[in-house]
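# Let me see the structure of the following:
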Amino acid sequence: MKKEKDLSVAVLIDGDNASSEKMEDVMWFVSRYGAAVVRRIYGDWTKKSLSGWKDAARDYSFRMVQASSFVLGKNTTDIALVMDAMDILHEGRVGCFCLVASDGDYTLLAQRIRESGLTVLGYGEGKTPVALVRSCTEFLLADRKEEKPFQENTPEFFIQRDMEYFDKAFEQAADGKAEVS
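From the prediction side, this is the model:
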């Protein structure tokens, strides 16, 4: 997939649903597409469990958006993030959104932004529902295993390069199909 390096990106983080320890990885991911011009982290900052975000917000110049929990157990943070996302979308200042969360509740938001013709990046853990992952233009797993590239023209290089064909052949053989297409 060709990446547009000159996009203005809105990075919106659900602080209740993501780890501040992954901020460097998030910003690297975003930098592949463009510049993060809108940087916001949402949460109820009175909760001690979110204190790790304060340093990350300062170090990466993010605005900490207070989303007070008026009713215990409700998704106030989600609603605050979605409201801001829709405002940013309609202002037309960005060409890309990066939603940092593993919460499937953001699936409709990702779909709506994508339907407006914008790039939607997603960043979250392996537990992220497949609907959200597929609603994004690209989704990066926070808990992915880093694969080091193999030296070219080695057996390992060719195996890694052609792994999708090996997987396809295995799946077809397991399904009992006689031919590999």
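# Tell me how this structure divides into domains.
Residue ranges for the domains of the chain, per automatic domain parsing: 7-141, 147-181.
# Could you find the closest non-adjacent residue to residue 93?
With C-beta to C-beta, 6 or more residues apart in numbering as the criterion, residue 93 has its nearest non-adjacent residue at 6.4 Å, and that residue is residue 8. Using the backbone N, CA and C atoms, a C-beta is placed for each residue, glycine as well.
# who does the host helix or strand of the one you found pair up with?
Using DSSP states H and E, residue 8 sits within strand 7-14. Strand pairing for strand 7-14, using DSSP bridges, gives strand 34-43 (parallel), strand 96-100 (parallel).
# what's the offset of it from the middle of its chain?
Centroid displacement of strand 7-14 relative to its chain, using C-alpha atoms, centre = their mean, to the nearest Å, is 10 Å.
# repeat for stretch 156-172
Distance, centroid of stretch 156-172 to centroid of chain: 26 Å (C-alpha atoms, centre = their mean).
# follow-up on the earlier one: how about the strands paired with strand 7-14 in JSON lines, adding mean pLDDT, distance to residue 58 and mean neighbour count?
Below are the strands paired with strand 7-14 laid out as JSON lines (pLDDT from 0 to 100; distance: least, C-beta to C-beta, whole Å; neighbours: other C-beta atoms under 10 Å):
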{"stretch": "strand 34-43", "mean pLDDT": "96", "distance to residue 58": "11", "mean neighbour count": "20"}
{"stretch": "strand 96-100", "mean pLDDT": "98", "distance to residue 58": "17", "mean neighbour count": "26"}
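# need the ones you listed in CSV with distance to residue 110, can you?
Formatted as CSV, the strands paired with strand 7-14 follow (distance: least, C-beta to C-beta, whole Å):
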stretch, distance to residue 110
strand 34-43, 16
strand 96-100, 6
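# looking at the ones you listed, which is closest to residue 79?
strand 34-43 (9.3 Å; C-beta to C-beta).
# so which of the strands paired with strand 7-14 comes closest to residue 108?
It is, among these and with distance given as C-beta to C-beta, strand 96-100, at 11.4 Å.
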